[in-house]
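Colleague: what follows is a predicted structure for the sequence shown.
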2 protein chains.
Amino acid sequence: MTSEPAGPEDPKPFRIGLIGHGTVGGALAELLPGRADHIASVTGMRPVITGVHTRSNGTSFEDVLEGADLIAELIGGLEPARTYVLQAMAAGKHVVTANKQLLAHHGEELWAAAREHGVQLRFEAAVAGVVPVIRVLQESLAGAHVDRVIGIVNGTTNFILTRMAETGATYDEALKEAQALGYAEADPTDDVNGKDAAAKMAILARLAFDTPVHIDDVTYEGIEHLTGDDMAYARDLGLGLKLLGTAERVAGGISVSVHPAFLYGGHPLASVSGPYNAVTVESEAITEITMSGPGAGGPQTASAVLGDVISAMIPPASTPETTESLAIIQDVESAFYIHLEVADRPGVLAQVAQILGLQGASVKSVVQKGLGGNARLVMVVHPLLESRMLAAVELIAGLDFVRGRPRVIRVIEETFE
Amino acid sequence: MTSEPAGPEDPKPFRIGLIGHGTVGGALAELLPGRADHIASVTGMRPVITGVHTRSNGTSFEDVLEGADLIAELIGGLEPARTYVLQAMAAGKHVVTANKQLLAHHGEELWAAAREHGVQLRFEAAVAGVVPVIRVLQESLAGAHVDRVIGIVNGTTNFILTRMAETGATYDEALKEAQALGYAEADPTDDVNGKDAAAKMAILARLAFDTPVHIDDVTYEGIEHLTGDDMAYARDLGLGLKLLGTAERVAGGISVSVHPAFLYGGHPLASVSGPYNAVTVESEAITEITMSGPGAGGPQTASAVLGDVISAMIPPASTPETTESLAIIQDVESAFYIHLEVADRPGVLAQVAQILGLQGASVKSVVQKGLGGNARLVMVVHPLLESRMLAAVELIAGLDFVRGRPRVIRVIEETFE
């Protein structure tokens, strides 16, 4: 329960019982207060964590369950996680879990219990972190005949392989770097040997093909034996090397596996680098959909958990009333590309640069090419207000050595670099 | 109604009234019968099209509405689409629509009506075809504080720009090619001038920022004025040129726009080519998610409509009982990379190739590098059964000129090329 009694105007609380308070549980507890107002305005209920059970904090699971509308199972492992999830559903509570091994081992039992008790069992965070592949397979593609799911579903190994390819590092060097940056655990065994990815592929195959798939059905192989040589030859052959999960229809049934594999450069997964995850779903009617994003990390995985919590709170596909009345701003900052045809004579670049400088535009890169008596001057400038850029262009257009109309195109920079 | 009365064992029909029978409506009518059994086994209801109204087929909208549980509005345009959608919801029917202009003009009125009448108004197909960006923004990211949405949301212009970049074609040449291939309409005005993308960005901004956004709030600019020169300089500067929609938080409010823009090569949207669409959602907690896939096409857009129909039929996040008992196959076909260290002497390649040939492996590419008295022989072979590949490798490993253990790694080929 919230510590203060709710006033007549306050939204009703939606009570979350948190099981486990590690990386993801801790991140959820940190994320929730900042989003609770917004969620309350959208759903009419205010999510609050009303109890936390860990292996050692002295609060029993039963006490947490008693006061909760939903259990967030973030304790990991098979037991007591399985027992807790079954108990929660039997008590009529929704469950959100990030526990891939639990679902890859006991999924059918747990999903059957959810159907039996009429509660939701959501698990977006169990596969590919915040990449919404579970929801897309369960909902968007519920009507599709899926032919193949192929994914980079382990961020640790993708980081290691990316570093081996980019820097020529050995497997051991790249693993140490991953550990130093927090992308690999002290004991990375289940990541690098493919077992983590195998559990995730079992879940994806179950959803894609509507057939039971246990982790023991998945053949898997890790990346420990890969060498810099493999990377070098991959480049020679125009290939990229990834740890890929594949679940596909084959003659007589389906095949589900995790292996190091080469991808041709044009494949949508070939460009997924670093600790990112990505999944491509192929089906004749849809061609293919690819989704990518961070595959791990406390805040990212907690965001996936929170998305599931909100889905359990509200009926589907309502488009709630707007909760904001934000002003629509027309004049915004951007980086720009400027293309000028100019007379090829001294001082041209200096005059153009001076006008740009006066408007606050700082030049990032310049390409100049002679062209008979004329030259083409192409620049990219760092972000500034569009109005100032256009003012600079008017001034530049008026210079006597400028031929024709300057051309200006926006340049997008990454927010998170 | 179905033509035959349902027997006691038959699933109950879920009746779809189809408004419009053009590219998408026609594709939906074609797609549905093949998927109806599967959908019935998952949902317990069998979707059937019980009526079709077009501008000219003589069946009134009211007659179609009367016999339907859900209206699929695929007629396009503002009127009579708006009136039909309002009438359907007032009659308590769910609505699925692919009509971006309708939502970008009248979204608030329509969403309010859906809330008032307690029905679902779903519109995945209105933005980016089968790419599930609407569902992800409404559900997966309902708890996220979105900072920016940036998208390639018009496949026609992305195809034209891709061809200009790849082949050096002029805008006019690339447009003609797009028209010949069916990626551009006879009158491509609303695609190439940015208006189509602007409507889609208005919808995405509304969902991302919970604030009303009308198409008139979106500044837009097309690609008609872009030249081969811009493409060439983009390459010199390490940039890709795309028609991008951007919706972002800025000081004082939000900004929503569509412009040609350059992207740095590492941006997740930079590699999206041809008639594909892709959307990146950025938020501090999630970093970023990118989704990509075909942005248009009858079967693809119809698949998005069908996903919405199924969502309207079933409660959310149930994981239905498995409907298949597919065999899990271990020995499947794959292309392979083989890495051999061999003595550098005549006949080596011939003997290796002979063994591969006897097992049915056809060589796709070979790289051989001398290394003192030894050589490295790296090959990629076309798909064959894993068991046959491993048999070949055992034989090759036994050859007297082979040093060390051969290394074998799978190579993924594209299903749809």
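Modeller: Looks like it arrived, so ask away.

Colleague: C-alpha from now on. contacts and neighbour counts both.
Modeller: Will do.

Colleague: quickly find the element holding the residue positioned nearest the centre of chain A.
Modeller: Centrality entry for chain A: nearest residue to the mean C-alpha point is A:Gly293, 2.6 Å, by C-alpha atoms, centre = their mean. A:Gly293 belongs to strand A:287-294 when assigned by DSSP states H and E.

Colleague: ok so, going back, so the residue nearest to the centre of chain A makes contact with A:Gly274?
Modeller: No: the criterion here is C-alpha atoms under 8 Å, and A:Gly293 misses it with A:Gly274 at 10.4 Å.

Colleague: follow-up on the earlier one: give the contact list for the closest residue to the residue nearest to the centre of chain A other than its chain neighbours.
Modeller: Spatial nearest neighbour of A:Gly293, excluding adjacent residues (C-alpha to C-alpha, 6 or more residues apart in numbering or on different chains): B:Ile289 at 4.5 Å. Counting by C-alpha atoms under 8 Å, 6 or more residues apart in numbering or on different chains, B:Ile289 makes contact with A:130-131, A:291-294, B:280-282.

Colleague: any idea which helix or strand comes after the helix or strand of chain A with the lowest mean pLDDT?
Modeller: When the helices and strands of chain A are scored by mean pLDDT, DSSP states H and E, strand A:327-328 comes last with a mean of 77. On the C-terminal side of strand A:327-328, the closest following helix or strand by DSSP H and E is strand A:333-343.

Colleague: neighbouring strands for that following strand, and are they parallel or not?
Modeller: Strand pairing for strand A:333-343, determined by DSSP bridges: strand A:374-385 (antiparallel), strand A:402-412 (antiparallel).

Colleague: what's in contact with that strand?
Modeller: With C-alpha under 8 Å, 6+ apart as the test, strand A:333-343 has contacts from A:348, A:373-386, A:401-413, B:230, B:262.

Colleague: list buried members of those by neighbour count.
Modeller: A:348, A:374-384, A:386, A:402-403, A:406-412, B:230, B:262 (16 or more other C-alpha atoms under 10 Å in any protein chain shown).

Colleague: quick check, A:Val250 in contact with B:Asp331.
Modeller: No: look at A:Val250 against B:Asp331 with C-alpha under 8 Å: they stay out of range, at 9.7 Å.

Colleague: flag the shaky bits of the stretch 201-350 of chain A, pLDDT-wise.
Modeller: Low-confidence segments of the stretch 201-350 of chain A (pLDDT under 70): A:315-323.

Colleague: can you give me the strands for it?
Modeller: For the stretch 201-350 of chain A, applying DSSP state E, counting those that start in this stretch gives strands covering A:219-220, A:239-250, A:253-264, A:276-283, A:287-294, A:327-328, A:333-343.

Colleague: outside of the longest helix seen in chain A itself, list whatever touches it.
Modeller: Looking across chain A with DSSP state H, the single longest helix is helix A:23-43. For helix A:23-43, contacts defined as C-alpha under 8 Å, 6+ apart pick out A:11, A:18-19, A:45-49, A:74, A:297-299, A:301-303, A:305-306, A:310, A:313-314, A:320-321, A:323, B:142-145.

Colleague: which among those residues end up buried?
Modeller: Looks like these have A:11, A:18-19, A:45-49, A:74, A:297-299, A:301-303, A:305-306, A:310, A:313, A:320, B:142-145 buried, using 16+ other C-alpha under 10 Å.

Colleague: and A:Ile160, that one's in a helix?
Modeller: Yes: read with DSSP: H, G, I helix; E, B strand; the rest coil, A:Ile160 is one of the residues of a helix.

Colleague: leaving out sequence neighbours, find the closest residue to it.
Modeller: Spatial nearest neighbour of A:Ile160, chain neighbours left out: A:Ala174 (5.1 Å); criterion: C-alpha to C-alpha, 6+ apart.

Colleague: can you tell me the element that neighbour falls in?
Modeller: helix A:171-180.

Colleague: closest approach to chain B from the stretch 51-200 of chain A, which residue is it?
Modeller: Closest to chain B within the stretch 51-200 of chain A is A:Ser140: 4.6 Å, counting by C-alpha to the nearest C-alpha.

Colleague: what's the neighbour count on the spatially closest residue to that residue that is not a sequence neighbour?
Modeller: Counting by C-alpha to C-alpha, 6+ apart, the nearest residue to A:Ser140 once its immediate chain neighbours are dropped is B:Gly307, at 4.6 Å. For B:Gly307, the neighbour count with other C-alpha atoms under 10 Å in any protein chain shown is 27.

Colleague: and A:Thr43, how close does it get to A:Val309?
Modeller: Distance, A:Thr43 to A:Val309, by C-alpha to C-alpha, to the nearest Å: 11 Å.

Colleague: A:Ala178 now?
Modeller: Applying C-alpha to C-alpha to A:Ala178 and A:Val309 gives a distance of 31 Å.
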